[in-house]
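Enquirer: Kindly generate the corresponding structure for this input.
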Amino acid sequence: MMDRDRNKTLLLELQRAAGTGNGRCADCGEPDPEWASYKLGIFICLNCSGIHRNLSEISRVKSLRLDFWENDLIEFMKRHGNLCAKAKYEAKVPPYYYIPQACDCLVLREQWIRAKYEREEFVATRVCQDPCSAGSREGYLWKRGRESRQFQKRRFLLSAREGVMKYYTKESRGPKAIISIENLNAMFQTEKIQHAHGLQITYNTDGQTRNLFVYHESGKEIVDWFNAIRAARYHYFRTTFPAVPEPELIPRITRNYVKEGHMEKTGPKQKEAFKVRWFCLDSQERSLMYFKHPLDAFAQGQVFIGRMDEGYEVRAGLPQGVRVKKKKPAITVVTPTREFVFICENDREQREWIDALNGVIAQPLTG
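Expert: Residues are numbered from 1 along each chain as shown. Purely as a prediction, here's the structure:
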């Protein structure tokens, strides 16, 4: 019993020890990890420990507080730790490779963990692919049909060298679409697509944002596609804007929407009936888009969100003189040309939308 208590105390001290990196999960950065892999010598969070359980060949996990730790395992943990593992397993992570955080979907976190420890993709002895090569890929993805709304297998081709992504349908000989990497984006949308490997690809065509919804049965394959798109985008930015510093460039490779969800909107006269729409806020484009359905290919409309000194503002509540039957929280987005009125589902949604919109209003305009 004394050994058990002593070892638990030693483990918790190790987890908190300065200069070890043990205070955050080795894989997703979650603070105060409560689990550890005693084969890899790392401290990890509960969620990541679940992924490690499926890698029994290379990782074995225990709870810091609930499990018994033998003396030799404590010594092993002392000799290793998160920074030590990072130096070994993350020695050559390419700058474009997406490193997931705790809030990211399971497939991203699982493939990051498998890439590091199972496939050892980033150890020092590995030869790194250049972004142009890494940003070239060909294969099949299941794509949701714009009209049929059914997922069908389509051939996709990505070429960083040509600066394009193309996809083909069975019927056509040439590509159905040729997408410039300059305005290509990709984000995981597992809940919206209702598939654990669901990916949303967006691009601009004739001044509109076009959405493609795809997935692959293999988690590795869909994450490889995502990182190939990131490599192609990184290659584009590096060659087009060579002077832009890396920390400024990396967040622009791909991006998630700041917030998404249902709200109700009325028309320009503010007397029209309120209709439920799906909204997406893109901070990089400063655009609040709205769709009839979450998986629509094109938005019904969009509101540009400028800066406060240009006359943009978001307010809680309705504009003066506007009455609604529903006793639900509202938002008014003020622009130089008109006021847009939205009704939220509840107070929490109202607060989140106001915070998200204010975040975009506060950010400087970029060229």
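
Enquirer: Can you get me a residue count around Ala124?
Expert: The number of residues packed near Ala124 is 10, by other CB atoms under 10 Å. Glycine gets a C-beta too; all of them are placed from N, C-alpha and C.

Enquirer: okay, how far is it across stretch 169-183, tip to tip?
Expert: 22 Å (CA to CA, to the nearest Å).

Enquirer: For the biggest helix by length in the chain, enumerate the helices and strands it packs against.
Expert: Assignment by DSSP state H gives helix 219-240 as the longest helix of the chain. With contacts taken as 3 or more CB pairs under 8 Å, 6 or more residues apart in numbering; DSSP states H and E, helix 219-240 sits against helix 106-113, helix 131-134, strand 136-144, strand 151-159, strand 185-188, strand 199-205, helix 246-249.

Enquirer: want to try CSV for the ones you listed, with mean neighbour count, mean pLDDT and distance to Asn227 as columns?
Expert: Converted to CSV, these look like this (neighbours: other CB atoms under 10 Å; pLDDT from 0 to 100; distance: least, CB to CB, whole Å):
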stretch, mean neighbour count, mean pLDDT, distance to Asn227
helix 106-113, 22, 98, 9
helix 131-134, 19, 91, 7
strand 136-144, 18, 96, 9
strand 151-159, 17, 96, 11
strand 185-188, 22, 98, 10
strand 199-205, 20, 95, 11
helix 246-249, 11, 92, 16
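
Enquirer: Turn those into JSON lines, including distance to Phe213.
Expert: What follows is the helices and strands packed on helix 219-240, written out as JSON lines (distance: least, CB to CB, whole Å):
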{"stretch": "helix 106-113", "distance to Phe213": "15"}
{"stretch": "helix 131-134", "distance to Phe213": "24"}
{"stretch": "strand 136-144", "distance to Phe213": "4"}
{"stretch": "strand 151-159", "distance to Phe213": "8"}
{"stretch": "strand 185-188", "distance to Phe213": "11"}
{"stretch": "strand 199-205", "distance to Phe213": "6"}
{"stretch": "helix 246-249", "distance to Phe213": "27"}
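
Enquirer: Out of those, the one nearest Gln300 is which?
Expert: Closest to Gln300 of the helices and strands packed on helix 219-240, according to CB to CB: strand 199-205, at 15.6 Å.

Enquirer: buried set for the helix or strand that that closest one is followed by?
Expert: Sequence order places strand 208-215 as the next helix or strand after strand 199-205, per DSSP states H and E. By 16 or more other CB atoms under 10 Å, the buried positions in strand 208-215 come out as Thr209, Arg210, Asn211, Leu212, Phe213, Val214, Tyr215.

Enquirer: want to try CSV for those, with pLDDT and distance to Pro294 as columns?
Expert: Below are these laid out as CSV (pLDDT from 0 to 100; distance: CB to CB, whole Å):
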residue, pLDDT, distance to Pro294
Thr209, 92, 14
Arg210, 95, 15
Asn211, 97, 9
Leu212, 97, 14
Phe213, 98, 9
Val214, 98, 15
Tyr215, 98, 15
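
Enquirer: Return the member of these nearest to Val322.
Expert: Checking the buried residues of strand 208-215 against Val322 by CB to CB gives Thr209 as the nearest, at 28.9 Å.

Enquirer: on that earlier part again, got JSON lines for the buried residues of strand 208-215, with distance to Gly41 too?
Expert: Below are the buried residues of strand 208-215 laid out as JSON lines (distance: CB to CB, whole Å):
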{"residue": "Thr209", "distance to Gly41": "46"}
{"residue": "Arg210", "distance to Gly41": "47"}
{"residue": "Asn211", "distance to Gly41": "43"}
{"residue": "Leu212", "distance to Gly41": "42"}
{"residue": "Phe213", "distance to Gly41": "41"}
{"residue": "Val214", "distance to Gly41": "38"}
{"residue": "Tyr215", "distance to Gly41": "35"}
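
Enquirer: Out of those residues, which is nearest to Glu34?
Expert: For the buried residues of strand 208-215, the nearest to Glu34 is Tyr215 (32.5 Å; CB to CB).

Enquirer: need the next SSE after the helix or strand of the chain with the lowest mean pLDDT, C-terminal direction.
Expert: Counting by mean pLDDT, DSSP states H and E, the weakest-scoring helix or strand in the chain turns out to be helix 2-16, with a mean of 82. Counting by DSSP H and E, the next helix or strand C-terminal to helix 2-16 is strand 35-37.

Enquirer: picking up where we left off before, distance between the longest helix of the chain and the chain's centre?
Expert: Computed by CA atoms, centre = their mean, to the nearest Å, the separation of helix 219-240 from the middle of its chain amounts to 14 Å.

Enquirer: for this protein, which spans come out with low pLDDT?
Expert: 1-2, 171-172, 366-367 (pLDDT under 70).

Enquirer: switch to 80 and redo it
Expert: 1-5, 170-173, 268-271, 321-326, 365-367 (pLDDT under 80).
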